[in-house]
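A.B. asks: One predicted model, sequence on top.
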Number of protein chains: 2
Amino acid sequence: MRLSRFYLPTLKETPGEAQIASHRFMLRAGMVRQQAAGIYAWLPLGLRVLKKIERIVREEQERAGAIELLMPTIQPASLWEESGRFDAYGPEMLRIKDRHDRDMLFGPTNEEMITDIVRSSIKSYKQLPKMLYHIQWKFRDELRPRFGVMRGREFLMKDTYSFDASPDDARKSYLKMFAAYLRTFRRMGLETVPVKADSGPIGGDLTHEFVVLAENGESDVFMDKALIGKPVPDAGTDFDGDLEGIFSDWTSLYAGTDEVHDEEAWSKVPEDRRLSLRGIEVGHIFCFGTKYSAPMRARVQNAEGKEVDMEMGSYGIGVSRLVGALIEAHHDEDGPKWPMSVAPFHVGLINLRAGDEATDKACAEIEAALEAAGVEVLYDDTADRAGEKFARMDLCGLPHQLVVGPRGLGQGEVEWKDRATGEKSNLKLDEAANRIASLVKTELDRLAQ
Amino acid sequence: MRLSRFYLPTLKETPGEAQIASHRFMLRAGMVRQQAAGIYAWLPLGLRVLKKIERIVREEQERAGAIELLMPTIQPASLWEESGRFDAYGPEMLRIKDRHDRDMLFGPTNEEMITDIVRSSIKSYKQLPKMLYHIQWKFRDELRPRFGVMRGREFLMKDTYSFDASPDDARKSYLKMFAAYLRTFRRMGLETVPVKADSGPIGGDLTHEFVVLAENGESDVFMDKALIGKPVPDAGTDFDGDLEGIFSDWTSLYAGTDEVHDEEAWSKVPEDRRLSLRGIEVGHIFCFGTKYSAPMRARVQNAEGKEVDMEMGSYGIGVSRLVGALIEAHHDEDGPKWPMSVAPFHVGLINLRAGDEATDKACAEIEAALEAAGVEVLYDDTADRAGEKFARMDLCGLPHQLVVGPRGLGQGEVEWKDRATGEKSNLKLDEAANRIASLVKTELDRLAQ
């Protein structure tokens, strides 16, 4: 992609409202633009990251056996009256009257609607288990939206719902999502930890938050250091097999939010492994039994011929929030440092003298060779000053930078910079594209394992 | 994909509210489910078609040089007050008050918001032209939603907006979209015709509707028969080059909706080439000059150093509506007949005796071989009756069907049915997957040209 064609409205000044790094860099790099409090337009650079996150989430959901559908954003209030949540939800629900004065709402979540869909077609345990998910914009009318996309009002979420005929089977569905989540975040280059969470008034043990460890996190987390860097289930994992081993392997190490913190269990963690940190919640999984199926009469005949309420679970990932969380976890003072799998482009190519025959030709050749190898390139072909180009490329945070100038070209060389480490070195012009393409591929493969 | 894992809630009865084929089949095949008047959940089979349409639209937009972003569904009323449309829009606009009693709305279209985004960053003709698009859910509170997704309230639309420094350049942007639209619909296996449309109170010649010719269309179209089957610009078309030839080649042949029908021009079409038909509007392109940029003060400095309002155009495609239009154009009494490029799966594989060692093995091998070749397979591995399986597969409308039963297997054969023609023949078991994979690939390549 040539920058002259792209739409990248970067800002030189840091907007006053941005208190944390991710918010600051997303505005400055032209990734998003606020259109109303907590409501953002995703500009091209930001949308590319959002779509890559979405793709990883989708691939891991499919691997775990979940099937994609798409529920609408606008829902009828009647479904929420069935579950009792229409009155209970409070002012965060965006309530709407349509032209016929019917009560509608912009979905903040979809338990009611998916239960309605499934109860209409599933009548027997033989049709179960089912895990259905969608990736859709939700709206929660936060009193004080802040921190950019981290706590917006309109946000993109992946939510999966599982339906089973017995609590034992529901646990199996839960474990599938638990394992899928471990893989999902790691593939994005994120260190997340599953943390025991508060199950609220419903009770039950089966609920975990997945948190990214980051200074600007909103929750306090107490955890065993041994959880950090733990290998996640690999791509060959059999999700229809027994996942209890994976689950106990992770959950036998202490990790809890402050809401459920257990001093006694904590005291048994060896002192040098006790970590108390801040975390950003990026996923929450929950097995809630018949909370919705019972009032909404979503029932199946079980193997014994008895009518039972379906056992359900729900499993969320904050897709748009992850863009912010990724920056919080990976940045320096100049901008984000994107992991390869979620980088908006893999390589930034800078032409130091756009319009010069030699640098134009060299850049066009590198661009073509990289793109032919499946590498995504943002090519700065503008006439801007060198300093401006360097700062802008750092702000974009692409993993690799290649800088082509007349001086280097004279010696048959281009400069390569690794954005994450800041290391620079010179590459032979005729080897640069191959070399970088191979580094990109290796890193993508490593993250996909 | 194994049917036992998929979620395909087909209906045996035709729902009473469905008056046209597309609505009927989409409900019966479990492609969508109505959640409120004109508001649908897209079930897995329907979502797969929707996503394929979206992908084709996206690829052709990118080819033409448009850049993707994503605007939110909820907009502040203030932008619409600037353009004067907040009061003018009427009851089709879904108006919302948030918890702070601020006026918001669910976007029915995005001219105001994109103008606001672009005016904040583009100040010079040197930054132009720009074509920006998004694919997002819109809401229009239709008085009487009907015909399923053809006239729903919540619907998916691709809308592109062009920004130029002069009317001449705006015309170039318009021609790019004109050519892109010709390719877009043809790639979906649709015969569409660009038809001169009513430009409304703004005036100007540059507006065309793209209509699919179909009995159940809502508009009357008068056209020269020579437009049918006309070759569209090929994949190698240079969108930065001169597109006037393509434009005049198509527009010199008469085609108009009844609103702009010109009896005199019509009388000059040779009588045997005059067609008067019904059409379904699936795209509308529009060059509207400074209608929004003037009141919203979206201005640039032009090459002469003068401040001018940007020249704009907007270009819509009804993405969710296209699913219905495709069925209207391609179906028989048993269900849709999907063109390969938008088929939810390429091949339906039916196991006539699921549980039988030989048929299970043959089906698993065919499934694996097809998938390894990149072919998407829906494999009916259920224990349902053969008649039920055949009817369901016809209702799904996948281009190829392979039927594996004990009798055929005894002779080393499987049955192949072409869904579009209904032709059946037997294939050698060990050649079936290769043969079908090659047919699928040939057809996909043909449509992508």
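C.D. replies: Arrived safely. Residues are numbered from 1 along each chain as shown, chains lettered A, B, ... in the order given.
A.B. asks: So what sits opposite the closest residue to chain B within the stretch 151-300 of chain A in the bridge?
C.D. replies: Using Cβ to the nearest Cβ, A:E154 is the residue of the stretch 151-300 of chain A that sits closest to chain B, at 4.8 Å. Quick note: C-beta positions are derived from backbone N, CA and C, even for glycine. When assigned by DSSP bridges, A:E154 has beta-bridge partners A:F139.
A.B. asks: So A:A373 versus B:E62, what's the distance?
C.D. replies: For A:A373, the distance to B:E62 (Cβ to Cβ, to the nearest Å) stands at 19 Å.
A.B. asks: and the top strand by length along chain A, how far out from the chain's middle?
C.D. replies: Longest strand of chain A, by residue count under DSSP state E: strand A:274-289. With Cα atoms, centre = their mean, to the nearest Å as the basis, strand A:274-289 stands 14 Å off its chain's centre.
A.B. asks: ok, how many other residues are close to A:P91?
C.D. replies: Residues lying near A:P91 (other Cβ atoms under 10 Å in any protein chain shown) number 13.
A.B. asks: Touching, it and A:R153? I think so.
C.D. replies: No. With contact defined as Cβ atoms under 8 Å, A:P91 does not count as touching A:R153 (11.9 Å).
A.B. asks: shared neighbours, the two?
C.D. replies: A:D141 (Cβ atoms under 8 Å, 6 or more residues apart in numbering or on different chains).
A.B. asks: element containing whichever residue of the stretch 101-250 of chain A sits closest to chain B?
C.D. replies: Going by Cβ to the nearest Cβ, chain B is nearest to A:S121 of the stretch 101-250 of chain A, at 3.4 Å. Assigned by DSSP states H and E, A:S121 falls within no helix or strand.
A.B. asks: can stretch A:52-65 be found next to chain B?
C.D. replies: Yes. Interface with chain B: stretch A:52-65 contributes A:G65 (Cβ under 8 Å from any Cβ of the partner chain).
A.B. asks: Buried residues in that stretch, which are they?
C.D. replies: Going by neighbour count (16 or more other Cβ atoms under 10 Å in any protein chain shown), the buried part of stretch A:52-65 is A:52-54, A:56-61, A:63-65.
A.B. asks: rewinding a little: who's the closest spatial neighbour of the residue of the stretch 101-250 of chain A closest to chain B, skipping the chain neighbours?
C.D. replies: In this structure, A:S121 finds its nearest non-sequential neighbour in B:P9, 3.4 Å apart by Cβ to Cβ, 6 or more residues apart in numbering or on different chains.
A.B. asks: Confirm that that neighbour sits in a helix.
C.D. replies: No. B:P9: not assigned to a helix; according to DSSP: H, G, I helix; E, B strand; the rest coil it is coil.
A.B. asks: tally of neighbours for it?
C.D. replies: For B:P9, the neighbour count with other Cβ under 10 Å is 18.
A.B. asks: ok, back up a step: list the contacts for the residue of the stretch 151-300 of chain A closest to chain B?
C.D. replies: A:38-40, A:137-139, B:72-74.
A.B. asks: at 6 Å instead, please
C.D. replies: Applying Cβ atoms under 6 Å, 6 or more residues apart in numbering or on different chains, we find A:E154 in contact with A:39, A:137, A:139, B:72, B:74.
A.B. asks: now A:L447
C.D. replies: Applying Cβ under 6 Å, 6+ apart, we find A:L447 in contact with A:187, A:341.
A.B. asks: Report the buried residues of whatever helix or strand it lives in.
C.D. replies: Using DSSP H and E, A:L447 falls within helix A:429-448. Under the neighbour-count criterion of 16+ other Cβ under 10 Å, helix A:429-448 has A:429, A:432-433, A:436-437, A:439-440, A:443-444, A:447 buried.
A.B. asks: ok, those residues vs B:P339, which is closest?
C.D. replies: Closest to B:P339 out of the buried residues of helix A:429-448 is A:L444 (32.9 Å), distances taken as Cβ to Cβ.
A.B. asks: Wait, that closest one touches A:V342, no?
C.D. replies: No. At 10.7 Å, A:L444 and A:V342 do not qualify as touching, with contact defined as Cβ atoms under 6 Å.
A.B. asks: rewinding a little: for the helix holding A:L447, what does the pLDDT average out to?
C.D. replies: Helix A:429-448 carries an average pLDDT of 97.
A.B. asks: number of nearby residues for the spatially closest residue to A:E259 that is not a sequence neighbour?
C.D. replies: Spatially, and ignoring its direct neighbours in sequence, A:E259 is nearest to A:D198 (4.2 Å; Cβ to Cβ, 6+ apart). Residues lying near A:D198 (other Cβ under 10 Å) number 12.
A.B. asks: Likewise for A:F163?
C.D. replies: By other Cβ under 10 Å, the residues close to A:F163 number 26.
A.B. asks: Just read off the phi/psi values of it.
C.D. replies: phi -130, psi 130 (degrees, to the nearest 10).
A.B. asks: returning to that earlier point: which SSE is the residue nearest to A:E259 in?
C.D. replies: Going by DSSP H and E, A:D198 is not in any helix or strand.
A.B. asks: hang on, it packs against A:V260?
C.D. replies: Yes. Judged on Cβ under 6 Å, A:D198 makes contact with A:V260 at a distance of 5.3 Å.
A.B. asks: Can you get me a residue count around the closest residue to A:F178 other than its chain neighbours?
C.D. replies: Counting by Cβ to Cβ, 6+ apart, A:F247 is the residue found nearest to A:F178 once chain neighbours are left out, at 5.7 Å. Close neighbours of A:F247, defined as other Cβ under 10 Å, add up to 19.
A.B. asks: From what I see, A:F247 and A:M177 are in contact.
C.D. replies: No. Assessed by Cβ under 6 Å, A:F247 is found out of contact with A:M177, at 10.7 Å.
A.B. asks: which neighbours do these two share?
C.D. replies: Counting by Cβ under 6 Å, 6+ apart, nothing touches both A:F247 and A:M177.
A.B. asks: List the residues that contact A:E111.
C.D. replies: Counting by Cβ under 6 Å, 6+ apart, A:E111 touches A:292, A:314.
A.B. asks: Roughly how far does it sit from B:I39?
C.D. replies: Per Cβ to Cβ, A:E111 is found 18 Å from B:I39.
A.B. asks: helices or strands up against the longest strand of chain A?
C.D. replies: Contacts defined by 3 or more Cβ pairs under 6 Å, 6 or more residues apart in numbering or on different chains; DSSP states H and E place strand A:274-289 against helix A:167-187, strand A:207-213, strand A:219-224, strand A:311-318, helix A:319-329.
A.B. asks: Just name the most buried of the ones you listed.
C.D. replies: The highest mean neighbour count among the helices and strands packed on strand A:274-289, using mean count of other Cβ atoms under 10 Å in any protein chain shown, belongs to helix A:319-329: a mean of 27.
A.B. asks: Name the residues of stretch A:379-389 that are buried.
C.D. replies: A:379-382, A:389.
A.B. asks: can you put those residues in a markdown table and add secondary structure, distance to chain B and pLDDT?
C.D. replies: Shown next, in a markdown table, are the buried residues of stretch A:379-389 (DSSP: H, G, I helix; E, B strand; the rest coil; distance: Cβ to the nearest Cβ, whole Å; pLDDT from 0 to 100):
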| residue | secondary structure | distance to chain B | pLDDT |
| --- | --- | --- | --- |
| A:Y379 | strand | 14 | 98 |
| A:D380 | strand | 15 | 98 |
| A:D381 | coil | 13 | 98 |
| A:T382 | coil | 10 | 97 |
| A:K389 | helix | 16 | 98 |
